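Colleague: coordinates for the following, if possible.
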Amino acid sequence: MSQGNKWCDFCKIYIANNPLSIRTHEIGKRHKDNVTKRLATMQKEGAAKEKEQQQAARALKQIEAVSL
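Modeller: As a prediction, the model looks like this:
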């Protein structure tokens, strides 16, 4: 009976849907590198978003100070 395939979001590939294939894939260098890259990207995006929010808050405070 076929178990189908499992999609790896990090590597953008299908792997056999059985514990051995999944584990082998997840301990592989390619998968680990892709996970590391994704985490780094998420951290950069989070930092950029936080910086943008801080700039918006500062701009709003400046506008409020001028209008008073």
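
Colleague: what segments of this structure are strands?
Modeller: Along the chain, the stretches classed as strands by DSSP state E are 5-8, 13-16.

Colleague: quick one: closest of those to Q54.
Modeller: Comparison of the strands of the chain against Q54 by CB to CB identifies strand 5-8 as nearest, at 35.4 Å. Placement of C-beta: from N, CA and C, glycine included.

Colleague: and the strands of the chain as JSON lines, adding distance to T36 and mean neighbour count?
Modeller: Output for the strands of the chain, formatted as JSON lines (distance: least, CB to CB, whole Å; neighbours: other CB atoms under 10 Å):
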{"stretch": "strand 5-8", "distance to T36": "14", "mean neighbour count": "13"}
{"stretch": "strand 13-16", "distance to T36": "17", "mean neighbour count": "14"}
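
Colleague: right, and those strands - which one's nearest A65?
Modeller: strand 5-8 (51.1 Å).
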